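In: 3D model of this:
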Amino acid sequence: MTSPPTTLFSRRPTRSGILAAVGGLALFFYFLRRAGVSEVTDSIRQLGWAFLIVLGLAGLRFLVRAVAWMRCLPDAHGLTVRQVLAAVLAGDALGNLTPLSLLIGEPAKAIYLQHSAPIGRTLPALAVENLFYTLSTILFIITGGVTLFLVIRPPGTEWFVTAVPLATLAGLVVGAHWIIWHQVPIASASLAWLSRHGIAPGLLARGVARLRETEARVHAQYPRDPGRLLTVGMLEFSFHLLAILEILVVLSLISNRQPTLIDAFMFEAANRFITIAFKFVPLRIGVDEAGTAMFSDLLAFGTTAGVTMAIVRKGRMLVWMAVGMGALIRRELSIAKILSAPVHETAVVVMATSPEGERPPKTRLAAVIAADTDRRHLYAGFLADVIATCRSVDDVMLRVAYAPEGGREGFETLGITDAELLPQKSGDLGAREREIFADLFAGGFSKVVLVGSDLPTLPPHYLNRAIEQLADETVVLGPATDGGYYLIGLTAPAEGKAIPNLFTEIRWSTAHAFQDTLAAAHREGIHVEQIPSWYDVDDPDGLSKLRQDLEDLTHAKRAPATTRVLTKILGPQR
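Out: Numbering: from 1, shown residues only. Now for the predicted structure:
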């Protein structure tokens, strides 16, 4: 059952979360009082309409992170900047509002996009983007720290105490990049070592294969060509540059002292450090005000300027969080749903043509249904019922592969989104099917099932059975009563292996197609699993069979759109 939007924070707050919030509020009010409520109010009033500039710069920073994430995805990801930006805002809102921070915020970004792209593709790319962001942030903090020490010239002991942990963090991040660049499976190898030495062997052994697969995806999606590396690096650099501009704008308007670029740079380095160190504190309430106030005092801008800057930052954060929360509510995503979200790694693909294409569909039914318009409506009914059947299967993602000659018009009225549309390539049916499997496996799906679009009464449990029977080195086939097949399913080939050649030397659109495919599977050494046969509605005999089936209430309920159209065109069955 779908949780209502009001369940977004249905999980009870933890004791540590409550303590962090209470401590943060105490710090907030202490430094607000120390700075002076009236002084802070006056400073905020001075900012005025410039707050819109602050909001715009913050929005650009979110956009930069979204584009960087997209650059870490495979080129054929099919996502738009708008979709990814909404996911970034939604995840950031959750990360700022809960003590779970990155543990909930980052997965939420990938889960937000799960209807458009598999988590198995978006989450590894997000992990790669976060590595680049973390490296840029650590380098930024270190550079800011060095600049600060050169400005204030502290004793050597303070230099040493601060420099060592920062250098350690930088080393860890650089080491992580080195491990991924050289494709060292350190996480899965460590888990396997613990399992071999008797540490939770049953539990860890089950997780090794899954972790190894995740590592392989992260390694595969790490940008290796110089152009992409440079692009991601420059995007992360732009994120920090926009933050410096924001501080320059705010400080210029609220402080009596004119800030320099160096001042803004050091302030942002301090802000990044506070953000990382206190990520577990919701909204960094209190700690942001305290840290920025003390740093502002250190640079002779005064406590009031520091507290005001932190409050302004909180204000623009709340505005963009409201946008992110709106995106979450539209998707009806709660924390409980995100924490328990399944990883959709199975795609069910309907092979279709546009009901509104230049060439009318179902020409072989012209002897029974002469009008082109009627056949278009009938095919749209078929398609609507098949799609409803596919949507009824749990934990799968729907794709509709449309024939190029028909175009992509007419699918929206059937409730099919742009993200669910997938163009078929050129060539015969076999070449098209193979390319669909290749594209979706490259996109991160581990199981793919193709079905026809003229199966309005297909039982949903046939699809479930096909998915359950999919395994490595296996093809699942649903034989059609006319000698072809109405369903074919494959699993993603192991790394370095090709998709089995089940699509050449097949006599398509004949009574021999199914047997030819069985022979191809035998040549490839692929095991075949069969689900029960079914019929597709291609000719007058198929239509007659369909009309007989629709007399049964069970079939009629399964194909309501087809039933309505047939009754309108041909009248009630006698």
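
In: contacts only, for the closest residue in space to residue 546 that isn't next to it in sequence.
Out: Spatial nearest neighbour of residue 546, excluding adjacent residues (CB to CB, 6 or more residues apart in numbering): residue 537 at 5.1 Å. (Glycine included, C-beta is placed from N, CA and C.) Each residue near residue 537 by CB atoms under 8 Å, 6 or more residues apart in numbering is listed here: 362, 365, 382, 454-456, 543, 545-546.

In: same check, this time on residue 500
Out: With CB under 8 Å, 6+ apart, residue 500 has these contacts: 475, 490, 493, 520-521, 524, 526.

In: and with 10 Å instead?
Out: Going by CB atoms under 10 Å, 6 or more residues apart in numbering, residue 500 touches 434, 437, 473-475, 490, 493, 520-521, 523-526.

In: kindly report the same for residue 540.
Out: 364-369.

In: shaky segments in the stretch 1-150 of the chain?
Out: The model of the stretch 1-150 of the chain has pLDDT under 70 over residues 1-40, 42-44, 75-78, 98-103, 120.

In: so of the contacts of residue 500, which ones are in helices?
Out: When the contacts of residue 500 are checked against helices using DSSP state H, the ones located there are 434, 437, 520-521, 523-524.

In: by neighbour count, which of these wins?
Out: residue 437 (24 neighbours; other CB atoms under 10 Å).

In: for residue 538, helix, strand, or coil?
Out: coil (DSSP: H, G, I helix; E, B strand; the rest coil).

In: out of the contacts of residue 537, which is most surrounded?
Out: residue 456 leads these on contacts (other CB under 10 Å) with 29 neighbours.

In: contact partners for that residue?
Out: Here residue 456 is in contact with 378-379, 381-386, 388-389, 536-537, 546, 549-550, 555, 558-563, 565-566 (CB under 10 Å, 6+ apart).

In: tell me the spacing between it and residue 412.
Out: Going from residue 456 to residue 412 by CB to CB, to the nearest Å gives 20 Å.

In: give me the beta-bridge partners of the closest residue to residue 476 other than its chain neighbours?
Out: Distances taken as CB to CB, 6+ apart place residue 489 nearest to residue 476, at 3.9 Å, with adjacent residues excluded. For residue 489, the beta-bridge assignment (DSSP bridges) gives partners residue 449, residue 476.

In: just the pLDDT for residue 529.
Out: On the pLDDT scale, residue 529 is placed at 93.

In: the one 3 residues further on now?
Out: In the predicted model, residue 532 carries a pLDDT score of 93.

In: what number of residues lie near it?
Out: Neighbour count of residue 532, defined by other CB under 10 Å: 10.

In: who does the host helix or strand of residue 266 touch, helix- and strand-wise?
Out: Here residue 266, judged by DSSP states H and E, is contained in helix 261-277. If contacts are counted by 3 or more CB pairs under 10 Å, 6 or more residues apart in numbering; DSSP states H and E, helix 261-277 sits against helix 119-152, helix 156-181, helix 226-254, helix 287-298, helix 303-330.

In: assign the closest residue to residue 410 other than its chain neighbours to helix, strand or coil.
Out: Excluding the flanking residues, the one nearest residue 410 by CB to CB, 6+ apart is residue 356, at 3.4 Å. With three-state DSSP as the basis, residue 356 sits in coil.

In: do I have it right that residue 356 meets residue 383?
Out: No. At 11.3 Å, residue 356 does not count as touching residue 383 under the criterion of CB atoms under 10 Å.

In: overlap of the contact sets of those two?
Out: Joint contacts of residue 356 and residue 383 (CB under 10 Å, 6+ apart) are 410-411.

In: looking at the two, which is more packed in?
Out: residue 383 (26 against 17).

In: quick one: the more buried one and residue 362 touch, right?
Out: No. Applying CB under 10 Å as the test, residue 383 and residue 362 come out as separate, 11.1 Å apart.

In: which neighbours do the two share?
Out: 353, 355, 454.

In: reformat these as a markdown table; add distance to residue 261 and pLDDT.
Out: Compiled in a markdown table, those are given as follows (distance: CB to CB, whole Å; pLDDT from 0 to 100):
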| residue | distance to residue 261 | pLDDT |
| --- | --- | --- |
| 353 | 59 | 89 |
| 355 | 60 | 86 |
| 454 | 66 | 90 |
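
In: with distance to residue 417 added, can I get the residues you listed in a markdown table?
Out: A markdown table is the format used below for these (distance: CB to CB, whole Å):
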| residue | distance to residue 417 |
| --- | --- |
| 353 | 18 |
| 355 | 17 |
| 454 | 22 |
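
In: could you chop the protein up by domain?
Out: 16-339, 346-570 (automatic domain parsing).

In: mean pLDDT lowest for which of those domains?
Out: domain 16-339 (a mean of 75).

In: would you map the helices across the stretch 1-150 of the chain?
Out: 15-35, 37-47, 51-71, 81-97, 102-112, 119-152 (DSSP state H, counting those that start in this stretch).

In: just the buried residues of the contacts of residue 456.
Out: For these, a burial check counting by 16 or more other CB atoms under 10 Å picks out 378-379, 381-386, 388-389, 536-537, 546, 549-550, 555, 558-559, 561-563, 565-566.

In: in helices, which of the residues you listed appear?
Out: Those of those lying in helices (DSSP H): 378-379, 381-386, 388-389, 546, 549, 555, 558, 561-563, 565-566.

In: OK, contacts around residue 366?
Out: Applying CB under 10 Å, 6+ apart, the residues contacting residue 366 are 360, 372, 374-375, 540.

In: which secondary structure element contains residue 501?
Out: Using DSSP H and E, no helix or strand contains residue 501.

In: the residue nearest to it when sequence neighbours are not counted and residue 467, how far apart?
Out: In this structure, residue 501 finds its nearest non-sequential neighbour in residue 524, 6.0 Å apart by CB to CB, 6+ apart. According to CB to CB, residue 524 and residue 467 sit 21 Å apart.
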